[in-house]
Structure formats: C-alpha cells, structure tokens
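> Pasting a predicted model and its sequence here:
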Amino acid sequence: MMQLQNFIGGQLVAPAAGRYLPLVEPATGQVFAQVPDSDAADVDAAVQAAEVALPAWRALPAEERGRLLVRLAELIEQNLDRLARAESQDNGKPLSLARTLDIPRAASNFAFFGTAAQHFSSEAHVQEGVAVNYTVRHPLGVVACISPWNLPLYLFTWKIAPALAAGCCVVAKPSEVTPYTAFLLSGLAQEAGLPAGVLNIVHGTGPGAGQALIEHPGIRAISFTGGTRTGQHIARSAAPQFKKLSLELGGKNPNLVFADCDLTEAVRTSIRSSFANQGQICLCGSRIFVERPVYEQFKAEFLAQVQALTVGDPLLETTRQGALVSEAHLQKVLSYIDLAHQEGGRLLTGGHRVQVPGRCADGFFLEPTVFEGLAPDCRVNQEEIFGPVVTLTPFDTEEEALHWANGTDYGLSATIWTRDLTRAHRVAHQLHAGVVWVNTWLHRDLRTPFGGMKNSGVGREGGLEALRFFTEPQNVCVKL
Ligand code: NDP
C-alpha cells in the first residue's frame, strides 16, 4: 500500500513515531494509502529546518524567488493529469473538475505570486525639507499554512505561494482527509530546485500535528482556511504568543435572483453555485432567494437541471456530481436533510444517498437536494451544511431580500442576479459579504482582496493583501 511521507528539510521522511492513518477513497469507500500521523516532534523538525533555510531565502532577490515559484507552476501544469487523478481519488470530486479547476488554479497561484513579488513595493512619506519616512516590509519569518479538504491543492498553494514569494519559510499542514496532492507537491518542489527547508509539509490530524504547529514558538504567523469553530480555537491558541492570523472560515452565502435578470443564465450558473464540488465550496450559494414574479419559473427550470445532474463515478466524463469527502461528512449532510424535514421544509428533489453500481458501490454519494418552505431564520438556513443541499425562498421587496441575505452570522460571499445596474451596486454595497458577484459566480481575479466578514473570517488573502500579511512593515525616518 502507498505510504505518504512528510517533506522536511528538502527530504521525504517518515513520521518520527512511525504512526500512520488510513486514507480512504470517497468514491469507493476503500483505503488506498496511508498518511503520516505526525506529532510535535515532526513539527519541531520542520520548524527547525525552516529556520535554517530562512536567512538565505529571505536574502534572495524577489526575482530569483519568483523564478523558482514560476518553475513550480510549470511543473504542476506538466503534471496536470497525474495531479488531477490524485485529487479526484483523494477527495471524490469529478476528475473533470480537478482537471479544469483545482490543478490549473494551483499552478496559477504559484505563477501569480512568483511574479507579484516583483511588483510589490512599499510607501515613502516625505515631510518637505524636514524628513523622509520610508517603509521596509520584512518577511515575517517561519509561518504556518493550514488548509481544508474541499479544494485541497488549490487552497494549500493559495497560502504557500504568497508566503514563499514574500520571503518567508513555510511549515504547511494539509487536511489529513485529503493529503495526496500536497505529498505530490513535495516531489515537484524538489524537482523545481526549491532550496531545502524553504517549504516543509507535515501531515497529520488537526488536534495532533495542527495543534503542535499553531502552538510552536518558532511560528510567527498562521494562515488558516477551514471551519469557523476551528478558527475560533486557533485564534484562542495563538493569542498568547501574539501570532499574526489570517482566518478564512465558513459561509452561508445568499444568491439573490431579481425578476429582471437573465433567468436562463441565472438558473444555469445557480446550478454551479449550488452544486459544484458537491456543494463543498465555501463560496457556494446555499440560500437562493427569488423575486416572487419569477419564482415558479426559476423553480421549474432549476429543478429540471438539478435532476439532470449525473451522480456517479468521479472518473467518468459524464459525471457532474462525485462523492462527498467522507462517510462522516455524508452523515452530517444527511442529518441536515432530516432537520429540514423537521423544520417543515418541502423536499422538491433529492434527499437520499445514492447507490452507484460497480467499483463505487460503497462510495459516499448523495443526490443534489432542494428544499422550499423553510423560514430564513431556521437552522437549515443559518448553519453551514457544506454539501449539495440548497433552499429556495420567494421574496417580495429588495429590503426583504437584503434583510434575509444579511441575517446570518456569516459574511463570506453573495451573488446578485439583475439587469438593473443601479440596483446591482446599491444591493452589493449593503450586503454583509466580503465578496459579491453580480450576474456571475466564482469569477476570480487573483489580484482582488479575498475573505469574509463577521464569522467568515479575519483578514484578506489575494494579491498584495497576501504579501502584506506575510511581511512586517518597518518605518525608517531620516532627518533631512
Ligand atoms: P476544519 O476546520 O475541520 O479543518 C481545516 C484544517 O484545520 C484541516 O487541515 C484540519 O486538520 C486543521 N485543524 C483542525 N483542528 C486544528 C487544530 N486544533 N489546530 C490546527 N489545525 C487544525 O475544516 P474542514 O477541513 O472541515 O473544511 C471545511 C470548512 O472550511 C468549511 O467550514 C468551509 O466553509 C471552510 N472553508 C473556507 C474557505 C474560505 O476561503 N473562507 C474555503 C474553503 C473552505 P484535519 O482535517 O487533518 O483534522
């Protein structure tokens, strides 16, 4: 059986205690590999390797650091098929999605930040005839990057790339549920010629390796993407050591469909924003509010397209819905379907586990599911389900739609469908969401600030924001 290894000091190494955890393929329910169950000793070795590598890495001109990252991007592109297969096997997502979204984006992350580091500049403040102040942005040092299972390599590299570009050395922990592509990245980092110890990858559980990492005194900053509760825990653990924090957390995103919109396009894109990656994207729009005059038409067209989504083997080109990431997560999503019934929801389609014949007979598949008739303040409309379950609710006025859209503890993203330009801006500015899309969804420009309001996070990733996060500004004042 394949055994994954940690990547420490430029070498692939076994966990010090020799403990491993089984890695399950969600589409088959079968164990296909073992992943290190690392502990504090492995984390410490990784932090030490990073500390040794730091002086030379931070002293390297940004252009040379960037060249290595761009090389890594090229290697990811050259290994697209291998990485996409690994991602699909590990996560359950359709191979077609891994090939067109996850892996290309991982390459873009390195290419983007590899070049961005060369465009990064700092400010100068001149007091005429008196003094000149200028800002030096120093790399923070050794930082931790912790990422979740839903977009494994995509989100892992979204953190690592800016940290390395900024001149930091990294100890990264991917989710233990989906570590395969992070392990493959170790080999590509070696091939790209990344100096030993600049990037270290330690596999293991959140409470084990993750906790040891966030508590380690050698870690200066933590960039975390994951659940809101884990984010709260990390903030509590990191506070006594004053570690810098970037937290990208959960969402319960509204999708507002106004009657004047291009309904065909709104339905087509809402299928994606509801069910892409089996609804396991923090940006999925799980609460769909539709203006009453077009509610029935939207519902009919939406349901017809939901029912046409093929659930099945992620390796087949025809598959649109793969497996959920684990049996435990499938059970969690099913419990919310039960709750939706208890809370008085009307099931419009889906709602059941799917038995896929053949090699996927024991996989974790679920029908894409739509409810209506649920109050905006019920638990199903308030709590993050993170699966292929959405609710439909009609609204009568813009004020009502905004009130419901903003009526959760989350504030990650929102989508607006309208042809009225004035309304689009007016509504966008009143939404409590870090990212607002108008007549589109998951349209990403890596230069833009990315992150959530309220319980969806603290800080912003993306573009120069990420490079600012991984650096410490220092003001130098020179008397003239
Ligand atoms: P978790 O919060 O459970 O885990 C995220 C990562 O944190 C994993 O690597 C996990 O390890 C690790 N972890 C858990 N406990 C600790 C700890 N005590 N110390 C350090 N690390 C720890 O999230 P999920 O993996 O379940 O991911 C789903 C969540 O991520 C959803 O809430 C989703 O909304 C959110 N998310 C947010 C995004 C955003 O950009 N805002 C984007 C994508 C997802 P392990 O898994 O090995 O236990």
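Yep, that arrived.

> C-alpha from now on. contacts and neighbour counts both.
OK.

> what's the pLDDT at residue 404?
What the model reports for residue 404 is a pLDDT of 98.

> Could you say which helix or strand holds it?
Residue 404 belongs to helix 398-405 when assigned by DSSP states H and E.

> do residue 282 as well
When elements are defined using DSSP H and E, residue 282 is found to belong to no helix and no strand.

> Spit out the contact partners of it.
When contacts are counted by CA atoms under 8 Å, 6 or more residues apart in numbering, residue 282 is found next to 249, 250, 251, 386, 412.

> Can you tell me which of those residues has the most neighbours?
Scoring these on neighbours with other CA atoms under 10 Å, the highest-scoring entry is residue 251 at 33 neighbours.

> can you list the residues of the stretch 1-150 of the chain near the ligand?
Within the stretch 1-150 of the chain, the positions adjacent to the ligand are 146, 147, 148, 149 by CA under 6 Å from any ligand atom.

> pretty sure the first one is in contact with residue 176, am I right?
What it means is residue 146. No: because the distance of 10.6 Å does not satisfy CA atoms under 8 Å, residue 146 is recorded as not touching residue 176.

> Mind giving me the packing neighbours of the next helix or strand after the helix holding residue 404?
Of the helices and strands lying after helix 398-405 in sequence (DSSP H and E), the nearest is strand 410-411. Under the contact definition 3 or more CA pairs under 8 Å, 6 or more residues apart in numbering; DSSP states H and E, strand 410-411 sits against strand 453-454.

> so what pLDDT did the residue nearest in space to the middle of the chain get?
Taking CA atoms, centre = their mean as the criterion, residue 155 is the residue nearest the geometric centre of the chain, at 4.6 Å. According to the prediction, residue 155 has pLDDT 98.

> Quick one: classify it as helix, strand or coil.
Of the three states, residue 155 takes helix under DSSP: H, G, I helix; E, B strand; the rest coil.

> Please apply the same query to the one 5 residues further on.
In terms of secondary structure, residue 160 is helix; the call rests on three-state DSSP.

> Quick check, it in contact with residue 170.
Yes: at 6.9 Å, residue 160 counts as touching residue 170 under the criterion of CA under 8 Å.

> Looking at those two, which has the bigger crowd around it?
Regarding residue 160 and residue 170, a neighbour count based on other CA under 10 Å identifies residue 170 as having more, with 31 against 24.

> From the contact counts, what lies against the helix or strand containing the more buried one?
Of the helices and strands defined by DSSP H and E, residue 170 is found in strand 169-173. The contact analysis (3+ CA pairs under 8 Å, 6+ apart) places strand 169-173 against helix 40-59, strand 142-146, helix 152-165, strand 199-201.

> export the third one as PDB, just CAs?
It stands for helix 152-165. The C-alpha trace of helix 152-165 is given here as PDB (Å, rounded to 0.1, in the frame of the first residue of the first chain):
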ATOM      1  CA  PRO A 152      -7.000  20.600  -1.400                       C
ATOM      2  CA  LEU A 153      -4.100  21.700  -3.700                       C
ATOM      3  CA  TYR A 154      -5.900  24.900  -4.800                       C
ATOM      4  CA  LEU A 155      -6.200  26.200  -1.200                       C
ATOM      5  CA  PHE A 156      -2.900  24.800   0.000                       C
ATOM      6  CA  THR A 157      -1.000  26.600  -2.700                       C
ATOM      7  CA  TRP A 158      -3.000  29.800  -2.300                       C
ATOM      8  CA  LYS A 159      -1.400  30.200   1.100                       C
ATOM      9  CA  ILE A 160       2.100  28.700   0.400                       C
ATOM     10  CA  ALA A 161       2.800  30.700  -2.800                       C
ATOM     11  CA  PRO A 162       2.400  34.200  -1.300                       C
ATOM     12  CA  ALA A 163       4.300  33.200   1.900                       C
ATOM     13  CA  LEU A 164       7.300  32.000  -0.100                       C
ATOM     14  CA  ALA A 165       7.100  34.900  -2.500                       C
END
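
> Any part of it near the ligand?
No: contact of helix 152-165 with the ligand is not found when judged by CA under 6 Å from any ligand atom; the minimum separation is 7.2 Å.

> what comes into contact with that helix?
Helix 152-165 is contacted from outside by 62, 65-66, 69, 87, 102-103, 105-106, 109-110, 113-114, 116-117, 143, 145-148, 169-170, 172, 174-175, 178-179, 181-182, 198-199, 223, 225, 466-467, 470, using CA under 8 Å, 6+ apart.

> Could you rerun that using 7 Å?
Judged by CA atoms under 7 Å, 6 or more residues apart in numbering, the contacts made with helix 152-165 from elsewhere in the structure are 65-66, 102-103, 105-106, 109-110, 113-114, 117, 145, 147, 170, 174, 178, 181-182, 223, 466-467, 470.

> Strand 142-146 and that helix, what's the angle between them?
When axes from the mean of the first three to the mean of the last three CA atoms, to 10 degrees is applied, the directions of helix 152-165 and strand 142-146 differ by 170 degrees.
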